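Visitor: Sharing a model that was predicted from the sequence below.
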Amino acid sequence: MDGPEAIAEAVGRLRAGGLVAFPTETVYGLGADARRADAVQRVFETKGRPSDNPLIVHVSGEAMAALVVRSFTDRAVRLAAAFWPGPLTFVLERSNAIPDVVTAGGPTVGVRCPDHPLALALIESFGGPLVGPSANPSGYISPTSAAHVLNHFGQGEVLVLDGGACKAGLESTVIDLTSARPRVLRPGIVGVEHLAAVLGEPVDGWGGNAHGSAIAGQAAKRTASPGLIGPHYQPRAAVVVVGTLEEINDALPSGSQSGVVLAPPGTPITVAPPHTSIPMPVSAHAYASELYAALRDADDSGAGVIVVALPSVETASGSDAAVWAAVRERLGRASGVE
């Protein structure tokens, strides 16, 4: 569904405390009125999401964000001017308009303005902020198309707005602006260098191991940001991440069980039946955009194992480096490496 009539129906659903899945440039979100505790609780129940995992609030711009947070700080103003609408979430002190269920009882809230015309039209028509965690069962691969959402929820349960495929394909960068020094809590398309350049001050980067999984030290900050607690981005099949072409065959199952290989970027490979491979694009941004769809296709094939050959990105720089770092983090979580 899309268009004015669909938006009007969606607004009616939201005002009644119902759920609406809406597209953003990152992934599809499962939307509800961020100011209604009962509606937000319905999001948690529908997703099967743990109650200690806070939600991001989506707004139409700085003016609406100011209703959600206690103070839209100078740092937030500068970053919003540079990156909003876009895949960047600010963690700020929450206002009294936001119920505890949104923030898992914490004093801060994540807020962002999505870069998608249908999402913005929905928020503006509704006239208030929406929570919007990924529109899928908790822990599974995030949806990047309306069809992905409909695989999990029926229109009677969740009204789904169809805005096409998500162009970014990975969840937003999350930056904590409440501490003395800004800190990235979750990597995404917007990198640390870009954030620091806009702010004119150092920004602490997200920490991770070689596979990109969250470091143990992030545990203390988990109540401030979504996406850091428990399994995420995981298909039903086991995910094995390898670094070289030589490791691919060793990672594939033997016997009759099939495996699917997400080939290294720009390097089509041939594997022996019953195994198959999915070519992946060379461009960092294109790879990120297609990653979740490829993981879903591999999982839907009934494969027992999905083997992902990580790209060699040591020479990547600028925005490409940030995107590859986010890709590696998501793959680390998908493979269960913590």
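Guide: Yep, that arrived. Residues are numbered from 1 along each chain as shown.

Visitor: Now do the same contact list for Ser142.
Guide: By CB atoms under 8 Å, 6 or more residues apart in numbering, the contact list for Ser142 reads 27-28, 134, 136, 171, 233, 292. Bear in mind the C-beta positions are built from the backbone N, C-alpha and C, glycine included.

Visitor: want to throw those residues into a markdown table with pLDDT?
Guide: Formatted as a markdown table, these follow (pLDDT from 0 to 100):
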| residue | pLDDT |
| --- | --- |
| Val27 | 98 |
| Tyr28 | 98 |
| Ser134 | 97 |
| Asn136 | 97 |
| Glu171 | 97 |
| Tyr233 | 86 |
| Tyr292 | 98 |
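
Visitor: can you give me the strands for the stretch 51-200 of the chain?
Guide: Remark: strands assigned in the stretch 51-200 of the chain by DSSP state E, counting those that start in this stretch are 56-58, 88-93, 108-112, 130-131, 159-160, 173-176, 183-186.

Visitor: Of all those strands, which one is nearest Arg328?
Guide: Of all the strands of the stretch 51-200 of the chain, strand 183-186 sits nearest to Arg328, with 12.9 Å by CB to CB.

Visitor: just checking, Gly302 touches Ser258?
Guide: Yes. With contact defined as CB atoms under 8 Å, Gly302 reaches Ser258; the gap is 6.9 Å.

Visitor: higher neighbour count, these two?
Guide: Neighbour tally, Gly302 and Ser258, criterion other CB atoms under 10 Å: the higher count belongs to Ser258, 19 against 12.

Visitor: re earlier: nearest approach to Glu329 belongs to which of the strands of the stretch 51-200 of the chain?
Guide: In terms of CB to CB, the element of those nearest to Glu329 is strand 183-186, at 7.8 Å.

Visitor: Need the mean per-residue confidence for the closest one.
Guide: Summarised as a single mean, pLDDT over strand 183-186 is 96.

Visitor: I'd like the distance from that strand to the chain centre, please.
Guide: Centre-to-centre, strand 183-186 and its host chain are 14 Å apart (CA atoms, centre = their mean, to the nearest Å).

Visitor: What helices and strands are in contact with that strand?
Guide: Helices and strands touching strand 183-186, by 3 or more CB pairs under 8 Å, 6 or more residues apart in numbering; DSSP states H and E, are strand 173-176.

Visitor: And for the strand it packs on, what's in contact with it?
Guide: Here strand 173-176 makes contact (CB under 8 Å, 6+ apart) with 56, 79, 87-91, 108, 110, 182-191, 195, 203, 221, 224-227, 322, 326.

Visitor: Which residue ranges of the stretch 201-338 of the chain form strands?
Guide: 238-242, 259-262, 276-278, 305-309.

Visitor: Quick check: buried residues in stretch 146-157?
Guide: Using 16 or more other CB atoms under 10 Å as the test for burial, stretch 146-157 gives 146, 148-150, 152-153.
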